[in-house]
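Q: 3D model of this:
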Amino acid sequence: MKFSIQPVLENQEYQLIPLQQGDFESLYEVASDPRVWEQHPNKERYQREVFESFFRGAIESGGAFKIVEKSSGDVLGSTRFYDFDENENRIFIGYTFYGTKSWGKGINPQVKKMMLDYIFQYVDKVHFHIGKENFRSQTALERIGGKKIAEEEVAYFAEPTRTNFVYEMKKEDHS
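A: As a prediction, this is how the structure comes out:
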């Protein structure tokens, strides 16, 4: 891999900053609302001990970010790059969540655009795992051009295996 999966990315309103150990409390504050995880395969992540495992996996992935609103400095959520496959020239974007105050404000499309604009300099395809009951995320990804290509069982870090849909975006379709 000849590129970083954890650069600082930003636009006018938001920054993606590499996640660090000291970010746990500010991120858990956002994640501790059970509504954040309602449609997610693991609905228990609002619990501190479950979120601690999720956070540890994020740190160990080497590709996780906190999403920060520049004007307020507030942490809005998290996302990451993971599972780069050199042979396929493909990477995943996922493990994304936002606090409820960020929902419906067009933040996720801006964050995904920053990530895609950056990563498509280096890969031809980006895949996304989305829980089969996570209709909100499926709709969001379809709106930005993601195409459902498969269904697979995914074992999240220190969590049970869950059924996910795999969505794909290709470099040539990204504008």
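Q: CA atoms for contacts and neighbours, from now on please.
A: Noted.
Q: Do you have the helices of the protein handy? List them.
A: 24-31, 48-61, 107-119, 135-143 (DSSP state H).
Q: and F51, how far is that from Y82?
A: Counting by C-alpha to C-alpha, to the nearest Å, the separation of F51 from Y82 is 18 Å.
Q: who has more neighbours, the two?
A: When F51 and Y82 are compared for neighbours, Y82 comes out ahead with 21 against 18, by other C-alpha atoms under 10 Å.
Q: where's that one relative to E13, distance?
A: Using C-alpha to C-alpha, Y82 is found at 24 Å from E13.
Q: Could you export the helices of the chain as CSV, including mean pLDDT and distance to S78?
A: Shown next, in CSV, are those (pLDDT from 0 to 100; distance: least, C-alpha to C-alpha, whole Å):
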stretch, mean pLDDT, distance to S78
helix 24-31, 98, 8
helix 48-61, 95, 9
helix 107-119, 95, 10
helix 135-143, 89, 14
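Q: what residue ranges in the protein score low on pLDDT?
A: For the chain, the stretches with pLDDT under 70 are 1, 175.
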